[in-house]
Structure formats: C-alpha cells, structure tokens
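Student: Sequence first, then the predicted structure, then my questions.
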Amino acid sequence: MTRPATLSKAPGLRGIQAAIIDLDGTMMDTAPDIHAALNAMRRELGLGPIGLDVATALIGKGSENLVLDVLALDYSSQEVEQHFERALGAYLGHYLALNGVHSTLYPGVVDGLETMKSAGLRLACVTNKPIALAAPLLASAGLAGYFDITYGGDSLPHKKPDPYPMLQVCRDFNLAPHQVVAIGDSSNDARAARAAGCGVLTVPYGYNHGRPVQEIDSDGIVATLFDAAQLLTR
C-alpha cells in the first residue's frame, strides 16, 4: 500500500533535480469542462447526457480513448467505430470553446511550483491532453511560465502510460531517470514513470480512472503539490 511520503520511506527520491507534473487531476480540476464538452458531443449524436461522475472516471487516457469509452456506453463496438471520427471532432470543438471556463486550480499548486522552481528544480508538464488544449489552459491559469517543457498527448509518438514522454524529458534535461520524479494523480502517471526509472509521487484528490489512489504503485502520497515541493527541496 502506498503511504504518505517521507524521505525516510522513499530514499529513492533523494537527489531529485527535476519534476514531471501531470495537468488534469493534479494541477487543475478540469473534469467540469470535459463533462460539458462530452455532453455537447452527445447531444450532436442524439444521445442523452452522462453524469459528472461517469465522465470523471474515464479521464486520463487521452481524448481519443475518452471519446471511445463514452461512445461505448451506448454503442456496440461496430457502432463506436462508425461514429468515432465525428464524435472526436465534435468533442474537441466543444472543448476548445469551453477550455478553462469551469476548471479550477487545486490548493497548493502555485505555492508548490514556486517552491520547486525557487529551489532550482527543472519542471516539465506532461499530460495526455492534446497540446492545443493543454498549452492555452496552462497559460490562462498562469502556470505556463513555471515549465521549461510542456508535452501534450499528441506531442510525441507515445503517451502515458508508455514511458516515452518521461524518457524524453530526461533527455531534454540531460538527467538520468533516477534524478527525476513524476507527480500525478493516476496509475497512468505512475506506470509511465516506473517504466522509465523515475521516482513517483501521487496526489490523492484527482481522478485515477475511478480507482482508489492507494492502489497506485508510487513512492508516496502527498496531500498537495506544496507538500511534494517541501519533500523534494527539504
């Protein structure tokens, strides 16, 4: 079971030089925007609305998988394939119009980023959200300036839980994976980081595909990004 993180319980987190931070469910609660965009898409297809809890449980695997999973609530696999392109285009169009309207920062995010940056840690944002949505959302929330690098789900050949984005950040920063920690809210973040050889910290308030955060294989749970920053810069 993953426990609250301390350096004594997570000695692999010593000597960290950079942090890779997730966006949805880690820095911002974006589920209300995603929920609204999904229901607008469903209206175009003549489908009824889904609840916020249903949408939230499906977040984290990228827009394509999200749309596929939402279509599968009503359609057979063959029908999902038939409707997918139209549905994805509709979802992304509505999301572009709604991006950031209902989203909010989680507590401790700005203080955490400030603390990590002031301590000399290099920061990257790696999200499965398309970069055309991620970049303006970070900018409108006042977070973009904290990150040396931002990768969306369509920025690289592979997305989380594949380790490729984590390894790319390590290459960009010229750091060994053990010098880098990934901070996220879901098993996707942890699986990608573990496969890359990076450390893992988990926040308890995000989405994690509807599963308890305690099931995630990480080096510890941190209540906020500020708690993560204090742990890493102590």
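Tutor: Sure, I can see it. Residues are numbered from 1 along each chain as shown.

Student: elements contacting the longest helix anywhere in the chain?
Tutor: Secondary structure of the chain read by DSSP state H shows that its longest helix is helix 77-98. The helices and strands touching helix 77-98, judged by 3 or more C-beta pairs under 8 Å, 6 or more residues apart in numbering; DSSP states H and E, are helix 31-44, helix 63-71, helix 131-140. Where C-beta positions appear, they are placed from N, C-alpha and C, glycine not excepted.

Student: quick one: buried residues of the next helix or strand after the longest one?
Tutor: Using DSSP states H and E, the helix or strand that follows helix 31-44 towards the C-terminus is helix 52-57. By neighbour count with 16 or more other C-beta atoms under 10 Å, helix 52-57 contains the buried residues 55-57.

Student: got any ranges where this structure has weak pLDDT?
Tutor: Confidence mapping of the chain against pLDDT under 70 gives the ranges 1-12.

Student: if we go to 90?
Tutor: Along the chain, segments meeting pLDDT under 90 span 1-14, 60-62, 208-212, 234.

Student: Would you map out the domains in it?
Tutor: Domain segmentation of the chain under automatic domain parsing yields 11-29+104-233, 31-98.

Student: Now do the shortest one: distance from first to last residue.
Tutor: If I follow you right, that is domain 31-98. End-to-end span of domain 31-98 (C-alpha to C-alpha, to the nearest Å): 11 Å.

Student: quick check, distance from that domain to the centre of its chain.
Tutor: Between the mean C-alpha location of domain 31-98 and the chain-wide mean there is a distance of 18 Å, by C-alpha atoms, centre = their mean, to the nearest Å.

Student: ok so, going back, pick the most buried one from the domains of the chain.
Tutor: Across these, averaging neighbours per residue (mean count of other C-beta atoms under 10 Å) puts domain 11-29+104-233 on top, at a mean of 20.

Student: just checking, residue 208 touches residue 22?
Tutor: No. With the criterion set as C-beta atoms under 8 Å, residue 208 and residue 22 do not qualify as a contacting pair; they are 10.9 Å apart.

Student: what sits in contact with each of these two?
Tutor: 185-186 (C-beta atoms under 8 Å, 6 or more residues apart in numbering).
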